[in-house]
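K.L.:
predicted coordinates and the sequence they were generated for:
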Amino acid sequence: MSLALTGIGVTSGIAMGRVHRLTPGELALPEYHLEAGAVNTEVTRIRQAAQRSERFLGEVMTRVSGRGSETARDLLEAHRLMLRDPMLIDATCERISEQRINAEWALAQQSEQLQEEFRRLDDEYLALRREDLEQAVGLVQRELAEQPTTDIDARIPHHLDRTILVASELGPAELTLLSQRRVAGLITEHGAPYSHAAILARSLEIPMVVGVHHALELLQEDEEVIIDGHYGSVLAEVDDSLRRHYAEKLDATLRHRNDLKRYLGRPSLTADRQPFCLHGNAELPLEFKRCLDARVEGIGLMRTEYMFLEENLPDEESQYRAYSNAVRTMNGRSITIRTLDAGGDKLPAALELTRGPNPALGLRGLRLSLSIADAFRNQLRAILRASTLGPVRILLPMLTSVAEIHQARQLIAECREQLRNEGVKIDPDLPVGGMIETPAAALDIESMAPELDFLAIGTNDLIQYVLAVDRQDELVSHIYDPTHRGILELITRIVEAGRRHDREVTVCGELAGDPAAVRMLIGLGVHHFSLPPAQVGAVKKSLIECNSRRCRELVESYRSGNALPDGTDLLTALAERGC
Ligand code: PEP
Ligand code: MG
């Protein structure tokens, strides 16, 4: 009988190997008052500890290479910036001088105060900043306790390809070292699927399960374990039949992944020769490379919220750098850059004051951008400047009225004129499209479509607003139904308006990355999809193997009120009868 522990799977991968426990080792962090004459020495001590930590991060950064290295560098850089932030080390030095307390104590107090401020803002992005802070502080504490982080180099074996590493938690720097040693899999007692270490494990494709409580106590050094990321489970006390089962499963997963890759280079045609077009969704630099590897035709949705995570809004220059890097990476393929879609569940710290009583129905998306016109101009100017380097389109989120489109277009025209006066030449016809993701936009699509150059259906929000189901709320997730006839009605309406006004219609919500749902979408007349790069193989296979005419007949019949044969659901019926 095996022992099963559960946590949250970060990647869907499987790993088999032997446990190596990475125990943290207690740090000596004393707290005491200082003699007046000792203050300067203590300030120097913490500054030097911070410098050594920075140096350590710099060294790890130079060692990162290969797959996932860009994300790793970004994360390590975030820790370096945290160490340089005056709110951390400078403020700790002030505490040492003002309160005459030792460095460890002052750092603990300062870090607690910052954590408290981050906690009060209760935001998913800030949760990541909290994690950066914790890890940067941890590095300095180790230096102060004279147990430098470089110790980890010595504490872990060099060859980890048959090893599942178990730790309380892991930071990006540690994860980078572990990936270089080809660790087979990772288990942590703490952490969430959107933590930095998790993001990194995904991009490095290392199977990982986080949040496995008491794993360090329950798993023995060198015992055999299996990680199943799909179910977020860790299996110990492995017997022969389980070992055989997972060895076969691992083999099948690898074969399936390779099998899907074969579809990437195939022509984008359904079984009945109807063309379709796949674009990628990308936000972080690494995702653009992934999109290229997946051979998408361009980027159909570049979300820009991640640039707005910091305390201050990003300036035009830093945004320009990010957009132009993306344009260069895509090397001639078009990029659709969505203007800031803050608000709702993703409100950056700098815009906290704009949070209303019901954020999903409040100042979000384009409404918010129009209310902070100077910041919006910075973003528009940065996008327009990047458009001189390659094909770029602007996408406006969360539209509800034609008036909003006019206001946005007016600002775009002003920015273009300004740039022209500064000697920057911009394509006067740079396309401006809109996200159709509110019931108002979908219902009034006849007025909206002529005002926009292309239409992007945001099914994530459209479903949330049409069905009145909060997309964040697990209690109602069972009624978040993409096949609801109300949704099909609205998508049909948008597709038909697109046809009448000769506007391209793309679906860029998560539905476009679901191999079953894309058959429903093609049945509704959608031919353009924008999806996460990891899903491209499976979606392309599903579309290549489907008969779009049969999908249309089935969806039409269902839409007009007919029940499905054998009481099945629409997506299952399409999987069986769409090919
Ligand atoms: C959507 O709503 O479908 C969409 C693509 O936008 P986001 O998920 O960023 O709200
Ligand atoms: Mg949306």
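P.N.:
Sure thing, it's come through. Ligands and ions are numbered 1, 2, ... in the order given.
K.L.:
just the CA coordinates for stretch 99-110, please, in CSV.
P.N.:
As requested, the backbone C-alpha atoms of stretch 99-110 are provided in CSV (Å, rounded to 0.1, in the frame of the first residue of the first chain):
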residue,chain,number,x,y,z
GLN,A,99,16.6,52.7,17.7
ARG,A,100,20.2,51.5,18.4
ILE,A,101,19.4,47.9,17.7
ASN,A,102,21.5,45.2,15.9
ALA,A,103,21.3,44.5,12.2
GLU,A,104,19.3,41.2,12.4
TRP,A,105,16.6,42.9,14.6
ALA,A,106,16.3,46.0,12.5
LEU,A,107,16.1,43.9,9.3
ALA,A,108,13.4,41.7,10.8
GLN,A,109,11.4,44.8,11.9
GLN,A,110,11.7,46.5,8.5
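K.L.:
the nearest residue to residue 11 once chain neighbours are set aside: what's it in contact with?
P.N.:
Counting by Cβ to Cβ, 6 or more residues apart in numbering, residue 229 is the residue found nearest to residue 11 once chain neighbours are left out, at 4.7 Å. Bear in mind the C-beta positions are built from the backbone N, C-alpha and C, glycine included. Shown in contact with residue 229 (Cβ atoms under 8 Å, 6 or more residues apart in numbering): 9, 10, 11, 12, 13, 14, 15, 207, 208, 209.
K.L.:
ok, and the closest non-adjacent residue to residue 168?
P.N.:
In space, and not counting its chain neighbours, residue 168 is closest to residue 189: 5.0 Å by Cβ to Cβ, 6+ apart.
K.L.:
next up, phi/psi of the one you found, please.
P.N.:
Here the main-chain torsion angles of residue 189 (degrees, to the nearest 10) amount to phi -80, psi -30.
K.L.:
returning to what we had before: farthest pair within the contacts of residue 229?
P.N.:
With Cβ to Cβ as the measure, no two of these lie farther apart than 10 and 14, at 12.9 Å.
K.L.:
neighbour count for these two, which is higher?
P.N.:
It is residue 10, of residue 10 and residue 14, that has more neighbours when counted by other Cβ atoms under 10 Å, with 28 against 22.
K.L.:
near ligand 1, which residues of the stretch 451-579 of the chain show up?
P.N.:
458, 459, 460, 461, 508, 509 (Cβ under 6 Å from any ligand atom).
K.L.:
name the member of the contacts of residue 229 with the most neighbours.
P.N.:
The residue in the contacts of residue 229 with the most neighbours, by other Cβ under 10 Å, is residue 208 (32 neighbours).
K.L.:
am I right that residue 266 falls within a strand?
P.N.:
No - with DSSP: H, G, I helix; E, B strand; the rest coil as the criterion, residue 266 is coil rather than part of a strand.
K.L.:
ok, residue 541 - contacts?
P.N.:
Taking Cβ under 8 Å, 6+ apart, we find residue 541 in contact with 260, 263, 515.
K.L.:
again, only this time at 7 Å
P.N.:
Remark: with contacts taken as Cβ atoms under 7 Å, 6 or more residues apart in numbering, residue 541 is in contact with 260, 263.
K.L.:
send over the host helix or strand of it as PDB, restricted to the C-alpha atoms.
P.N.:
With the criterion set as DSSP states H and E, the secondary-structure element containing residue 541 is helix 536-544. Output of helix 536-544 as PDB, limited to C-alpha atoms (Å, rounded to 0.1, in the frame of the first residue of the first chain):
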ATOM      1  CA  VAL A 536      -0.900  25.000 -29.700                       C
ATOM      2  CA  GLY A 537       0.000  21.400 -30.500                       C
ATOM      3  CA  ALA A 538      -3.100  19.900 -28.900                       C
ATOM      4  CA  VAL A 539      -5.400  22.600 -30.400                       C
ATOM      5  CA  LYS A 540      -3.900  22.300 -33.800                       C
ATOM      6  CA  LYS A 541      -4.300  18.500 -33.800                       C
ATOM      7  CA  SER A 542      -8.000  18.900 -32.700                       C
ATOM      8  CA  LEU A 543      -8.700  21.300 -35.500                       C
ATOM      9  CA  ILE A 544      -6.800  19.500 -38.200                       C
END
